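Student: Need a 3D model of the sequence below.
(one chain, ligands or ions: 2)
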Amino acid sequence: MASIHITFPDGAAREFASGTTALEVAQSIGPRLAAEAIAAKQGDRLVDLSTKLESDGPIQFITSSSPEALEIFRHSTAHLLAAAVTELYPDAHPGVGPATDSGFYYDFYREKPFTEEDLGKIEAKMREIAQANVVNERVHFPKAEGLKVFEQMGEFLKCELIQEKGDDVFSAYRTGKFLDFCRGPHVPSTGRIKAFKLLSVAGAHWKGDEHSHPMQRIYGTSFFSQRDLDAFIHQMEEAKKRDHRRLGKDLDLFSIQDDAGPGLIFWHQKGGIIRREIEDWLRDELTARGYDLVFTPHAMRLHLWEISGHANFYRDDMFGAMKVENEEYQLKPMNCPGHILIYKSRARSYRELPMRLAELGTVYRYERSGVMHGLLRVRGFTQDDAHIFCMREQLEAEVQACVEFAHLVLKTFGFEKYQVELSARDPQKPEHYAGTVEEWEVAEGALMNTLKRMEIPFKYMPGEAVFYGPKIDIKLVDAIGRPWQLTTVQFDFNLPQRFGLEYAGADGQLHTPVMVHRALLGSIERFFGVLIEHYVGAFPVWLAPVQVAVLPISDKHAAYAREVLGALTGAKVRAQLDDRNEKLNARIRDAQLQKVPFMLVVGDREAQNRTVSVRRRESGDTGSRPVEEFVTWVQELIDTRATSW
Ligand SMILES: [Zn+2]
Ligand SMILES: [Zn+2]
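Tutor: Ligands and ions are numbered 1, 2, ... in the order given. Okay, the predicted model is just below:
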């Protein structure tokens, strides 16, 4: 028999008989590797362990620590799910079932909805199939023949996929009675999958097209160890407790109204207070840092978006144009062209640069109805947007100032950890980018030098830049370790050219300015959502809509309570008197549920001594203090924007 020459990642090489399977090769190395491997990599190609090796080349085994492992493992769990569902519910027709970042799902077409109870049954059936350690067998079909097989099974959705994507000879996977059109690879048998859980069921549509078949999407997740699964479930429960949609309702912060449309946010009174605090802080900082605040229209001629290019490459993300007096107008998806028109409104000299134009600019973007999510993904939102027009030699200082500003945002709002990414061009494909190679080198150099000089660790990501310029992204990490992309500092070689921007240099010649887009909070709506989840609605005093609740023990103490209230409101503390005819405990509970930072209980003793009995949201009763002392302390917490006290 012919032999093949196999090389291993450590450089070793061995001869095997042609037709030896990847699993047999793993076994020849050791039983432990054979037990741990879930798939193999032949060159760049991921294959099953059952694959017969017939040519020379490198081989690598995929184990739980390989970067590709989890996706293969989870996709195999999705097959296990579909095997269980089709066995229990013959009227369910499988659609697609990919792995996701946090698990997997499988879509089924079935008239009857799956219930919570069904999920339990399905999970039990999955365990049964896993315990039986059923082999995931790869089979091959000539297209016409395979189509017939799936047709006879009544799997019309699979037939549609095979028609569209199937090769002349396509592969499928058999797990017991379940057969799936699939490229693989998969774990060798279902017994490998032990730590998994079904999470929820939600509505979806075939191929994401809302006019096509309604599908039921069953979500689940799986991990290589029970410990990892438990940690994930714990994290999910933590996230659920923090869900800003529920807290937004309980704390009366914001709403999304069906009559108005999806993805459009109504900021209620209390949410409005928090937004005003955020914006006031931001405006003060912008002014102190040499930004000018501008305002631009919400709707502008479509023609403007043709010049900027958005009407072409950004069209799918925009609201449709509207007609006014036979001309088309466009709701703005971005603020940049507005700021550019201000820059362009007259001739500019180098003496005016850097020009930093900032706007809390509300933009509208089209998101499909299925993808919107509370405050995090919406159709209308306000960016803390700014565009900096400057000369090349001013770039590094401007980038550094942006990064410092971003740091201050994180600190001010109580985030301690963050991650930084630098997205650069793919140097192999200069033709994919606007701007010259030299310009890119200057811009990427400015970004990188700044981060290095500031000793900020960052991830360098070549090929991740958008076509018009490199960028720095800063992700903050919240109280339960979730990263959120908010801040971006982005170069633009494209728009200054498209709009023909110029300035007169010291040399008397006209030059093109460099343009930087930057947003710190990103979208105020999204930032608010992140804040709510980070603090579980218990905001720092300076942001809390009600900072102090004054609670008289009984009617007798109402007059003194009003005096205390007056002292607080006179010092611009947001205080509220709760003198409802309810038991004190009930009123304390209500203030606690509303996450009011301080509750002041006043009775005979307090009135007599001119004190207040202070209850803290976090730790309950902390004893009494003179009124003036308390007011001064709260004022200080507010003025310093303390995030802990
Ligand atoms: Zn598959
Ligand atoms: Zn912009």
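
Student: wait, Glu367 sits on Leu376?
Tutor: No: when contacts are counted by CB atoms under 8 Å, Glu367 is not listed as touching Leu376 (10.9 Å). Using the backbone N, CA and C atoms, a C-beta is placed for each residue, glycine as well.

Student: excluding its backbone neighbours, what's nearest the one residue in the stretch 101-250 of the chain that gets nearest to ligand 2?
Tutor: Using CB to the ion, His244 is the residue of the stretch 101-250 of the chain that sits closest to ligand 2, at 26.3 Å. Using CB to CB, 6 or more residues apart in numbering and skipping the chain neighbours, the partner closest in space to His244 is Ile532 (3.9 Å).

Student: So, low pLDDT: which residues of the chain?
Tutor: The model of the chain has pLDDT under 70 over residues 1.

Student: Can you pull the residues of this structure lying near ligand 2?
Tutor: Taking CB under 5 Å from the ion as the contact definition, the chain meets ligand 2 at Cys336, His517.

Student: Could I get the contacting residues of Gly445?
Tutor: For Gly445, no contacting residues are found, by CB atoms under 8 Å, 6 or more residues apart in numbering.

Student: next structured bit after the helix or strand harbouring it?
Tutor: According to DSSP states H and E, Gly445 maps onto helix 437-453. Later in the chain than helix 437-453, the nearest helix or strand by DSSP H and E is strand 459-462.

Student: From the chain's centre, how far out is that following strand? Work that out for me.
Tutor: 19 Å (CA atoms, centre = their mean, to the nearest Å).

Student: follow-up on the earlier one: next, the contact list for the residue of the stretch 101-250 of the chain closest to ligand 2, please.
Tutor: By CB under 8 Å, 6+ apart, His244 lies in contact with Gly374, Leu375, Leu376, Phe528, Gly529, Val530, Ile532, Glu533.

Student: hang on, isn't the second one packed against Gly529?
Tutor: Put plainly, it is Leu375. Yes: assessed by CB under 8 Å, Leu375 is found in contact with Gly529 at 3.4 Å.

Student: quick one, which of these two is more surrounded?
Tutor: Legend: neighbour count by other CB atoms under 10 Å for Leu375 and Gly529, higher for Leu375 (28 against 25).

Student: show me where the stretch 1-150 of the chain has helices.
Tutor: Per DSSP state H, counting those that start in this stretch, the stretch 1-150 of the chain carries helices over the ranges 22-29, 31-36, 69-88, 116-131, 143-152.

Student: Helices of the stretch 251-400 of the chain, start to end?
Tutor: For the stretch 251-400 of the chain, applying DSSP H, counting those that start in this stretch gives helices covering 269-288, 302-308, 310-313, 336-344, 395-412.

Student: Number of residues surrounding the residue of the stretch 201-350 of the chain found nearest ligand 2?
Tutor: Relative to ligand 2, the nearest point of the stretch 201-350 of the chain is Cys336 (3.3 Å; CB to the ion). Cys336 has 21 neighbouring residues, counting by other CB under 10 Å.

Student: what sits against it?
Tutor: Neighbour list for Cys336: Ser308, Asp385, His387, Asp492, Leu495, His517 [criterion: CB under 8 Å, 6+ apart].

Student: what do you get for Thr51?
Tutor: Neighbour list for Thr51: Thr21, Ala22, Ala40, Gln42, Arg138, Pro185 [criterion: CB under 8 Å, 6+ apart].

Student: Need the nearest residue in space to the residue nearest to the spatial centre of the chain, chain neighbours excluded.
Tutor: For the chain, the residue sitting closest to the mean C-alpha position, by CA atoms, centre = their mean, is Trp484 at 5.6 Å. What sits nearest to Trp484 in space, not counting adjacent residues and going by CB to CB, 6+ apart, is Val530, at 5.0 Å.

Student: what about the one you found, helix or strand, and which?
Tutor: Element membership for Val530, per DSSP H and E: helix 524-535.

Student: now the angle from that helix to helix 395-412?
Tutor: Put simply, helix 524-535 runs at 50 degrees to helix 395-412, going by axes from the mean of the first three to the mean of the last three CA atoms, to 10 degrees.

Student: what does helix 524-535 rub up against?
Tutor: Residues contacting helix 524-535 (CB under 8 Å, 6+ apart): 239, 242-244, 247-248, 253-254, 265, 271, 274-275, 278-279, 360, 374-378, 381-384, 413-415, 476, 478-479, 484, 486, 521, 539, 543.

Student: before we move on, the earlier item: so which of the helices of the stretch 251-400 of the chain is the most surrounded?
Tutor: Compared across these, helix 336-344 shows the largest average neighbour count, a mean of 20 (mean count of other CB atoms under 10 Å).

Student: got the CA coordinates for that helix in CSV?
Tutor: The C-alpha atoms that make up helix 336-344 are tabulated as CSV, following Å, rounded to 0.1, in the frame of the first residue of the first chain:
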residue,chain,number,x,y,z
CYS,A,336,-20.3,64.4,9.2
PRO,A,337,-21.7,66.2,6.1
GLY,A,338,-23.4,68.8,8.2
HIS,A,339,-20.1,69.7,10.0
ILE,A,340,-18.3,69.6,6.6
LEU,A,341,-20.7,72.2,5.3
ILE,A,342,-20.0,74.5,8.2
TYR,A,343,-16.2,74.1,7.5
LYS,A,344,-16.8,74.8,3.9
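
Student: With adjacent residues omitted, what lies nearest to Lys125?
Tutor: Counting by CB to CB, 6+ apart, the residue nearest Lys125 is Ala84, at 3.9 Å.

Student: start to end distance for stretch 254-267?
Tutor: 4 Å (CA to CA, to the nearest Å).

Student: please begin residue numbering at 46 from this point
Tutor: Got it, the first residue is 46 from now on, which makes the last one we talked about stretch 299-312.
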